[in-house]
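Chemist: Structure, please.
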Amino acid sequence: MRIVAPVSRVAEIEPLAQAGANEFYCGLVPPDWLGRFHAINANRRPSGNLTRYEDLASAIDMAHAHEATVSLVLNAQHYSAAQIGAAEEIAGRFAELGGDALIVSDLGLLHALALCFPALRMHVSSVATCRNAGAARLCRELGAHRLILPRDVTLAEAASIAAEVPDIEIEAFVLNDGCIFEEGACHTIHLPGQLGGPICLDRFEYRYRRRDGRDVSPRLAARLQQNDAEYERWLWYRFSCGFSTTPEGLPYGPCGLCAVPALRRGRVAAIKIAGREAPTARKLASVRMVKAVVDRACGGADDADVRDFAMKLRPSEAHCATGYMCYYPEVLRTEVA
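Modeler: Below is the predicted model of the structure:
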């Protein structure tokens, strides 16, 4: 099981590889993209990207020196016709530099890139929201080698896809980052604050009223207020617990560590740590935490032992007990076969 880590600077690669990362993924927004399109959407994140081909070349060389691979992200939800041509240019430069794989969300673009650059592996981004065996087969026919599952796919569904379409690799999220319901369905999740930010974090002023205009009863008002409070609590957990950390520096936030044994049994080939724009220290702590759990699972520990070990890495049982942080909450509800 390979550990896939995000990078936004070349200097991050060596320590992350030494900590246990086998694969790296990064974005690139070259200066000519900004000049031509006056936009930052060469990929889905406006920040956490490399900006020079020289840095991309250094990243590839550094990763290969540590027997790791580099994937380049081209996963914006939409590209104009001109931007598709520019994305193909970026992919071509990446191939010339010896890059390993492209992460793409637009299936038409993926097919075109697979035909143009057969030496590159094609990974389907979770933004494409492919969540069943039929979608996986289509992706394989279009030239994909790996499918990155959306975060709302269950363990049973992931295992089913891997079993029904064995000629495509499956990658699943395991640590960090926000709402599991966004993926390709939300156009605001990575918007910077000056452009509005994620819509689910907006704080609107409102009050509840009945359809006839009268105020709701005190009992109903109390229930609605409780629901609002639970929603706010859920958002805090989903958005990385306010980017808080344990005393040892390990990050809190959305997590699938308890599910590593089930993911292994389900033939998931790689597990992904999210957060290209995160500080280097958070990335390093994340890789170390995932590596420790993977080693525990690969060493023969049973599911309960791995679950207890993972929870102790984050010394706050209250966080885990909510289920709000879990990518795969079924692990807490029952033993997964």
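Chemist: Show me the helices in the stretch 151-300 of the chain, by range?
Modeler: 155-164, 218-238, 260-265, 280-298 (DSSP state H, counting those that start in this stretch).
Chemist: which stretch among those helices comes nearest I273?
Modeler: helix 280-298 (4.8 Å; Cβ to Cβ). Heads up, the C-betas are built off the backbone N, CA and C, glycines and all.
Chemist: If you average the pLDDT over the closest one, what comes out?
Modeler: Mean pLDDT, computed over helix 280-298, is 94.
Chemist: That helix - contacts with which helices or strands?
Modeler: strand 2-6, helix 13-19, strand 169-175, helix 260-265, strand 270-273, helix 303-313 (3 or more Cβ pairs under 8 Å, 6 or more residues apart in numbering; DSSP states H and E).
Chemist: winner for burial among the helices of the stretch 151-300 of the chain?
Modeler: Each of the helices of the stretch 151-300 of the chain was scored by mean neighbour count; the highest is helix 260-265, a mean of 22, by mean count of other Cβ atoms under 10 Å.
Chemist: and it, what other elements does it pack with?
Modeler: helix 155-164, strand 169-175, helix 280-298, helix 303-313.
Chemist: Kindly export that helix (C-alpha atoms) in CSV.
Modeler: Taking C-alpha atoms only, helix 260-265 is exported to CSV below (Å, rounded to 0.1, in the frame of the first residue of the first chain):
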residue,chain,number,x,y,z
VAL,A,260,-6.3,0.9,6.7
PRO,A,261,-6.7,-2.9,7.3
ALA,A,262,-10.0,-2.9,5.5
LEU,A,263,-8.6,-0.8,2.6
ARG,A,264,-5.7,-3.3,2.3
ARG,A,265,-8.1,-6.2,2.2
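Chemist: what does it contact?
Modeler: Here helix 260-265 makes contact (Cβ atoms under 8 Å, 6 or more residues apart in numbering) with 1, 155, 158-159, 172, 174, 256, 271, 293-294, 297-298, 301-303, 306, 310, 328, 331, 336.
Chemist: The same query, at a cut-off of 7 Å, please.
Modeler: Residues from elsewhere that reach helix 260-265, judged by Cβ atoms under 7 Å, 6 or more residues apart in numbering: 1, 155, 172, 271, 293-294, 297, 303, 306, 331, 336.
Chemist: same check, this time on stretch 135-149
Modeler: By Cβ under 7 Å, 6+ apart, stretch 135-149 touches 107, 110-111, 114, 121-126, 130-131, 158, 161, 165, 167-172, 272.
Chemist: Adding mean pLDDT and distance to R288, write the helices and strands packed on helix 280-298 out as a markdown table.
Modeler: Shown next, in a markdown table, are the helices and strands packed on helix 280-298 (pLDDT from 0 to 100; distance: least, Cβ to Cβ, whole Å):
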| stretch | mean pLDDT | distance to R288 |
| --- | --- | --- |
| strand 2-6 | 97 | 10 |
| helix 13-19 | 98 | 5 |
| strand 169-175 | 95 | 11 |
| helix 260-265 | 96 | 14 |
| strand 270-273 | 97 | 11 |
| helix 303-313 | 90 | 9 |
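Chemist: Quick check: which of the ones you listed is nearest to Q83?
Modeler: strand 2-6 (22.9 Å).
Chemist: Walk me through which strands that closest one pairs with, and which way each runs.
Modeler: strand 23-28 (parallel), strand 270-273 (parallel) (DSSP bridges).
Chemist: can you state the direction angle for it and helix 280-298?
Modeler: If you take axes from the mean of the first three to the mean of the last three Cα atoms, to 10 degrees, strand 2-6 sits at 170 degrees to helix 280-298.
Chemist: okay, the helices and strands packed on helix 280-298 in a markdown table with distance to V287 next?
Modeler: Formatted as a markdown table, the helices and strands packed on helix 280-298 follow (distance: least, Cβ to Cβ, whole Å):
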| stretch | distance to V287 |
| --- | --- |
| strand 2-6 | 5 |
| helix 13-19 | 4 |
| strand 169-175 | 9 |
| helix 260-265 | 14 |
| strand 270-273 | 6 |
| helix 303-313 | 13 |
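Chemist: could you dump the helix or strand bottoming out on mean pLDDT in the chain to PDB, C-alpha only?
Modeler: Here the helix or strand of the chain ranked lowest by mean pLDDT, DSSP states H and E is helix 317-322, holding a mean of 76. Extracted in PDB, the C-alpha atoms of helix 317-322 (Å, rounded to 0.1, in the frame of the first residue of the first chain):
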ATOM      1  CA  GLU A 317     -11.200  10.000  22.200                       C
ATOM      2  CA  ALA A 318     -13.900  12.600  22.100                       C
ATOM      3  CA  HIS A 319     -12.900  13.700  18.600                       C
ATOM      4  CA  CYS A 320     -13.100  10.100  17.300                       C
ATOM      5  CA  ALA A 321     -16.200   9.300  19.200                       C
ATOM      6  CA  THR A 322     -18.300  11.900  17.300                       C
END
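Chemist: Who are the packing partners of it?
Modeler: Here helix 317-322 touches no other helix or strand, going by 3 or more Cβ pairs under 7 Å, 6 or more residues apart in numbering; DSSP states H and E.
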